[in-house]
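>>> Fold the following and give me the result.
(chains A, B and C)
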Amino acid sequence: MRMEKILSPDEQLRVKDLIVRFYTYEGIVKAVEKAKLNLRRGETLGIVGETGSGKSVTALTILALTPPPGKVEGGSILFRRLNGSIDDILKLSEEQLIRLRGKEISMIFQEPNAALDPLYTVGDQVAEAILSHRLPEMLDKAIESLREDVKNGNEGFSTRLQLWAYNEMKRNPDSFKLRLVKRLPIIGKVISKKLNQVVREEIVELLRLMEIPDPERVVDSYPHELSGGMQQRIVIAIALACSPLLLLADEPTTSLDVTVQAQILDLIRRLKERFGASIIYITHDMGVIAEISDRVAVMYAGNVVEVAPVIELFKRPLHPYTKALLEAIPRPGATFKSIPGTVPNLVNPPPGCRFHPRCPHAMPRCKEEVPELKRIGEEHYVACHLYGGENRGKHSGGN
Amino acid sequence: MSASMRTYVIRRLLLLIPVLIGVTLLIFTITQLFSPEERASLYIKDPRQAKDLSSIIKKYGLDLPVYIQYFRWMDQVLHGNLGWSESAHMPVLRAFINHFPATAELALYAAPLTIIVGILLGKLAAVKKDTAVDHITRIMAIVGWSLPSFWLGIMLLAIFYGGLGIFSPGRLSTWAENLVLSGKFKVYTGLYTIDAILNLNGAVLLDALSHLVLPVTTLVIINMALLMRIMRSSMLEQLNKTYVIAARARGLKWKTVIDKHATRNALISVVTISGLLTAGMLSGMVITETVFEFKGIGYWAAHAATQLDIPAVLGFALFAGMVFVIANLVVDILYAYIDPRIRLG
Amino acid sequence: MRETPLSIVGLAIVIFFTIVAIAAPVLAPPRPGRDPYMIPRYGYSPIPKPPSPEHPFGLTQGQYDLYYGVIWGTRAAYRIGVLIIAISALIGIVIGGVAGYYGGIIDEILMRVTDIIFAFPGLILAMALVVAFGPGLDSVTLAMVLVWWPGYARLIRGEFLRIKSEDFVEAAKAIGCSDLRVIVKHILPNAIYPLLIMASLDIGSVVLVVAALSFLGLGAPEGYADWGQLISLSRNWITGRPGDPFAYWYVYTIPGLFLFLFVMGWNLLGDALRDVMDPMIRRR
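Predicted structure coming up:
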């Protein structure tokens, strides 16, 4: 049977039957089990779930960066590329993936301090992103600037050397001559001068876009010299430096102060407008989900259990777990309701529906059969034996 | 240097002094294990003085209370009088200065090689974790760590010197030694390889190098084991960190991520152990020098020990302690310099 | 637990040596009335004799029986190694425990002392001490204990500091248990595991340094069943005879091999123990 490499025209990403397992000393952790997700162009899909739900693993796997000892054991991740073609990310070679990561799909992380290398300035790290994917553009800018210099009467040795080097880099980036010359002590530095200048300007602009005050100074700072909020803006800057089609946000505000959280959320929203990216936003915070998502996917113990537009999800939660999550949101005056039981051990997950030990509506069937994600309402999908089959939704019709 | 770095360095320098004093105290305590007559040898500059022990005891107050003795002794030490070495037939300090270049030469080659080999192998083992390469290097490390240095030296000598006739013990062959001792060869540093270069004498250079091969190999095999293990675990720690994933998520090549990011961070932890290793080498490789008859301070100290030459052994121990303490300081400062988190406060 | 082949090899080696040490009187019967640790000699010639049915490993310089030497050498290694570690650990527990439990100025002083001892490379300090005490295995034992106890003191102090603030200790104190009781019944049992790991990793190093001291002539006297001492006897014979460079291979290869394998076995075992007992490492 041929794998379908088809996305509907407005779909950006589709995760199909993804299976990820971790091979550890304690056993095989079945972290993600036949997860299904899809993302439309320009939308923000929120993924909500507790720790251990598999949401972070799924995000990393979209970039084919499943952390070891994890292994992808099945499924496909279809992505619409910049040039319009559709690729299964899991089938791409490392070379192809390098061109994808940071350019078409980017990621921002939970702990911005941990996501930055403490030994390099923040500017250096943003430059890495820019030089990896926008080098020809930067070279053009450098060449143009050099030509301006020539017009203004500056035709010294360094100018000519750089012009030669940049044109050579454009023509043949891996040329032996280039590599040799770059290694020479003083000459190497001279060659990079204009390019570094141009890139630096670009970075400063980018930081300004991130609403970072005093970007000229920040560019030369080390990560630990900046506050958490600033660091996260840098991480976002790095992610958006090459205008990706898809931004994966793995709990980017969880470790920040509440006020900073709001600022960053706001920033992300505005940047999405400006860059036109689709976002997958992962969090365990229902409040954030409500604020930022267009649609929401709920994950539990490695399964996607419910998917719906955000308002629909909050108004009419179907899956018992979703209901419990919503009830567990602390409200003034109401008693604190937590979900009984604990997250299951994923080495030996409960048979059938993984939620059934904690589910108030568990039926005998839940212990035996894993529920499939079924369409219940318009755009509303649930994986639960309480629905589907006899309980058909009011709406029907094609996607 | 930023202000915080300056204060860090000054603070460490100040902390150095009590530790150095502590080192002298320890050595002094050991001297107290001897009788006043035996201790007299620590103060004399000339064997003839030994004939008149009672006046020496009087002069340096060897029968006075401990704290007075300590200051008298320290006074002598700071003036360079560490006593008379019976086994070397010269004052301890001079014997020390005579023998030090050999140790320095050995350390000059062994330390960088050990560090480089250890770092490269450790990095390789971490990047290729759980593969054959990792297992092989792990075995190499365990073997290196467990090998008795004197046995390894002897085996190497048996094979190469006894069996193949190349590489002999000592620093130079007889002809080269005669040449060096004669006036025709100017000794600048005492390190024969460097002096040979300065004298533009290729033959002596080669001879000196060939005598360095086996002892350096012995030292590298044994010492790189620890370094390799530390580099490996340091790398593995870095490779699990978020910034590595973040760097890959930017679209950087795996090789770039390793070389540019993970390795640099991993090296920070390795600096400490490298410094200690070098300090260990500079304080004299007693066993290796003895086995290869490489006449450095370790050789001299071992020789002195068997002859119960107290001033020599104690002088050597004092020096070793000092070197270690200073090496620790240098390492700490280097560490602060490399890690911007400490350097820029 | 004992999954890795390396740790099995280590365990096998350690078991082998332990059996040899225990069975020494059977494997190489000592002569009645003599100190069993002195190797019997079969002549006075300095020239070694190759292995033969009566002397399976040959005779080394001075006509000492190598087979007897390495067998009883195993026992000697255990004897002195265990002794040194046991005493060091004991001193370390007391000093480290006091420092860790009471803290304050006692802790400061004791830690400065350990710092100073740590400032010296072990072999060099041991050398100086042995010269002070006079050569011989008793001096070596004493010197080694003085050099080694700080390591244990530091470890125990660290453990005490860590465990001291745990709830069950607070509880015991709240009930009114005396300090000593708290220490012995509550803190010590938990601090023991890292100590055991350190001890098993240490045996190899201790035996190596003792052998080195004997090799230098500061430890075991000539004729004593000590691997280091036997190796030092072999130094003159590494060039062999004219025409037969490896004629006396047994003299330097065999005692060295025993020493090397002993140390490696214990290092492998210690490594494995540490991997098992350290939960953080397990999450590889």
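>>> just to confirm, which helix or strand has the residue of the stretch 151-300 of chain B found nearest chain C in it?
Chain C sits closest to residue B:151 of the stretch 151-300 of chain B, with a gap of 3.6 Å, by CB to the nearest CB. Any C-beta I mention is one placed from the backbone N, CA and C, and that applies to glycine too. Residue B:151 belongs to helix B:149-156 when assigned by DSSP states H and E.
>>> for residue A:339, what are its contacts?
Contact analysis of residue A:339 by CB atoms under 8 Å, 6 or more residues apart in numbering or on different chains lists A:321, A:324-325, A:328, A:358.
>>> ok, which stretches of the chain are strands?
Went with chain A since none was named. Along chain A, the segments classed as strands by DSSP state E run A:11-24, A:27-40, A:44-48, A:70-80, A:86-88, A:105-108, A:246-250, A:278-283, A:295-300, A:303-309, A:374-377, A:380-382.
>>> nope, chain C please
Under the criterion DSSP E, chain C carries strands at the ranges C:59-60, C:64-65.
>>> what comes into contact with the first one?
To tie it back to what came earlier, the one meant is strand C:59-60. C:42-43, C:48-49, C:65-66, C:69, C:230, C:233-234, C:251.
>>> one step back: my read: the residue of the stretch 151-300 of chain B closest to chain C touches residue C:256, true?
Yes: checked against CB atoms under 8 Å, the pair residue B:151 and residue C:256 is within contact range at 3.6 Å.
>>> the more surrounded of these two?
Taking neighbours as other CB atoms under 10 Å in any protein chain shown, residue B:151 and residue C:256 compare with residue B:151 leading, 28 against 24.
>>> how near is that one to residue C:234?
For residue B:151, the distance to residue C:234 (CB to CB, to the nearest Å) stands at 9 Å.
>>> between residue B:151 and residue C:256, what contacts are shared?
The contact sets of residue B:151 and residue C:256 overlap at residue C:231 (CB under 8 Å, 6+ apart).
>>> Just give the number of residues close to the nearest residue to residue B:341 once chain neighbours are set aside.
Nearest residue to residue B:341 in three dimensions, chain neighbours excluded: residue A:224, at 4.9 Å (CB to CB, 6 or more residues apart in numbering or on different chains). By the other CB under 10 Å criterion, the neighbourhood of residue A:224 contains 15 residues.
>>> what does residue C:270 give?
Residues near residue C:270, counting by other CB under 10 Å: 23.
>>> among the strands of chain A, which is nearest residue B:293?
Residue B:293 sits nearest to strand A:11-24 of all those, at 53.3 Å, using CB to CB.
>>> hmm, the closest one touching chain B?
No: taking CB under 8 Å from any CB of the partner chain as the criterion, strand A:11-24 and chain B are apart, separated by no less than 11.0 Å.
>>> anything in that strand near chain C?
Yes: in terms of CB under 8 Å from any CB, part of strand A:11-24 sits within range of chain C, namely residue A:24.
>>> name the helices or strands packed onto that strand?
strand A:27-40, helix A:55-62, strand A:70-80, strand A:278-283 (3 or more CB pairs under 8 Å, 6 or more residues apart in numbering or on different chains; DSSP states H and E).
>>> What's the mean pLDDT across it?
Across strand A:11-24, the average pLDDT comes to 89.
>>> go on, stretch C:263-276?
Averaged across stretch C:263-276, the pLDDT comes to 85.
>>> Kindly report the same for stretch A:87-100.
Averaging pLDDT along stretch A:87-100 yields 90.
>>> go on, stretch C:119-129?
pLDDT averaged over stretch C:119-129 gives 87.
>>> What lies in contact with that stretch?
Residues contacting stretch C:119-129 (CB under 8 Å, 6+ apart): B:19, B:22-23, B:26-27, B:30, B:280, B:283-284, B:286-287, B:301-302, B:305, B:313-314, B:316-317, B:320-321, B:324-325, B:328, C:117, C:139-140, C:142-144, C:146-148, C:209, C:212-213, C:216, C:218.
>>> With stretch A:119-136 instead?
Residues outside stretch A:119-136 that contact it (CB under 8 Å, 6+ apart): A:98-99, A:102-103, A:116-117, A:138, A:169-170, A:173, A:196, A:199-200, A:202-203, A:206-207, A:218-223, A:226, A:234, A:237-239, A:241-242, B:247, B:250-252, B:261, B:264-265, B:338-340.
>>> what do you get for stretch B:264-272?
Stretch B:264-272 has contacts (CB under 8 Å, 6+ apart) with A:117-119, B:118-119, B:122-123, B:126, B:227, B:230-231, B:234-235, B:237-238, B:241, B:331, B:334-335, B:338-339.
>>> The closest residue to residue A:46 other than its chain neighbours: neighbouring residues, count only.
In this structure, residue A:46 finds its nearest non-sequential neighbour in residue A:293, 3.2 Å apart by CB to CB, 6+ apart. If you count neighbours by other CB under 10 Å, residue A:293 ends up with 23.
>>> Now, the contacts of stretch C:119-129 that are in helices?
Per DSSP state H, helices hold the following members of those: B:19, B:22-23, B:26-27, B:30, B:280, B:286-287, B:301-302, B:305, B:313-314, B:316-317, B:320-321, B:324-325, B:328, C:117, C:139-140, C:142-144, C:146-148, C:209, C:212-213, C:216.
>>> Any residues of the stretch 151-300 of chain B in contact with chain C? List them.
Neighbours of chain C within the stretch 151-300 of chain B, by CB under 8 Å from any CB: B:151, B:154-155, B:157-158, B:161-163, B:280, B:283-284, B:286-287, B:290-291.
>>> Show me which pair in those residues is furthest apart.
Of all pairs drawn from these, the greatest distance, 32.4 Å, lies between B:163 and B:283 (CB to CB).
>>> Show me which of the two is the more surrounded one.
Neighbour totals were compared for residue B:163 and residue B:283, and residue B:283 leads with 26 against 15 (other CB under 10 Å).
>>> How about the contacts made by that one?
B:319-320, B:323-324, C:121, C:124.
>>> Straight-line length of stretch C:178-198, end to end?
In stretch C:178-198, first residue to last residue: 29 Å (CA to CA, to the nearest Å).
>>> Can you report how many residues neighbour the nearest residue to residue B:32 once chain neighbours are set aside?
Leaving aside its sequence neighbours, residue B:32 sits nearest to residue B:66 (CB to CB, 6+ apart; 6.8 Å). Here the count is done by other CB under 10 Å, and residue B:66 has 9 residues near it.
>>> what do you get for residue A:283?
The tally of other residues near residue A:283 (other CB under 10 Å) stands at 22.
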